[in-house]
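Q: I'd like to go over a predicted model; first the sequence, then the structure.
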Amino acid sequence: MTSSKKNVVPEAREALDRFKMEVAQEVGVNLKQGYNGDLTSREAGSVGGMMVKKMIESYENNMK
């Protein structure tokens, strides 16, 4: 059984963290390095949801 925190490509963790910080800034969520347990579910969900939306858009644009 593998951990959900383990990336297939270890170098991807840093890129995903940068992407997460950029998206959080765009949607107005005060995300900080390290622990963010003080975020509401709505704030955390808005960051994750926007990340998925941007990844899908990027994938779709690269298919054309």
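A: Yep, that arrived. Numbering: from 1, shown residues only.
Q: what sits up against stretch 33-48?
A: 20, 23-24, 27, 29, 31 (C-beta atoms under 8 Å, 6 or more residues apart in numbering). The way it works is simple: take the backbone N, C-alpha and C, and place the C-beta from them, glycine included.
Q: tell me, how many residues neighbour Val23?
A: By other C-beta atoms under 10 Å, the residues close to Val23 number 20.
Q: quick one: residues contacting it.
A: Shown in contact with Val23 (C-beta under 8 Å, 6+ apart): 47, 50-51, 54.
Q: for the protein, which segments are assigned as helices?
A: 12-27, 41-63 (DSSP state H).
Q: winner for burial among these?
A: The highest average neighbour count among those, using mean count of other C-beta atoms under 10 Å, belongs to helix 12-27 at a mean of 14.
Q: between which two of the contacts of stretch 33-48 is the distance greatest?
A: Considering C-beta to C-beta, no two members of these lie farther apart than Lys20 and Val27, which are separated by 10.9 Å.
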